[in-house]
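Asks: With the sequence up front, the predicted model follows.
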Amino acid sequence: MTLLSVPDMSCGHCKASVETALSALPGAGEITIDLPNRKVTVSGTAAPEALLSALNTIGFPAQVVPA
């Protein structure tokens, strides 16, 4: 499981864009988005670097939140 902080995610459209980008990655698994806290949880085998890259590509720079 990977927890990401996505500070620029602020609306329903942002949430949908983030979910679409991450779900396209192999091994992403289940994606849970906490919009009010701007956090995304990805359960699966996708590498954190791949998740961050996918979000950066669509204009949502993110950071991995340490467990």
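Replies: Ah, there it is.

Asks: CA atoms for contacts and neighbours, from now on please.
Replies: Will do.

Asks: Just grab the bridge partners of residue 40 for me.
Replies: Applying DSSP bridges to residue 40 gives these bridge partners: residue 4, residue 33.

Asks: ok, it - contacts?
Replies: Neighbouring residues of residue 40 by C-alpha atoms under 8 Å, 6 or more residues apart in numbering: 3-6, 31-34.

Asks: Among those, name the buried ones.
Replies: Among these, the ones that count as buried by 16 or more other C-alpha atoms under 10 Å are 3-6, 31, 33.

Asks: And the biggest helix by length in the chain, what does it pack against?
Replies: Longest among the helix segments of the chain by residue count, using DSSP state H, is helix 12-23. Judged by 3 or more C-alpha pairs under 8 Å, 6 or more residues apart in numbering; DSSP states H and E, helix 12-23 is in contact with strand 30-34, helix 48-57.

Asks: sorry, back to before: now the contacts of residue 40 as TSV including distance to residue 42 and pLDDT?
Replies: Shown next, in TSV, are these (distance: C-alpha to C-alpha, whole Å; pLDDT from 0 to 100):
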residue	distance to residue 42	pLDDT
3	6	97
4	8	98
5	11	98
6	13	98
31	5	97
32	7	97
33	9	98
34	11	98
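
Asks: which one of those residues is nearest residue 16?
Replies: Within these, distances to residue 16 taken as C-alpha to C-alpha reach their minimum at residue 33, with 9.4 Å.
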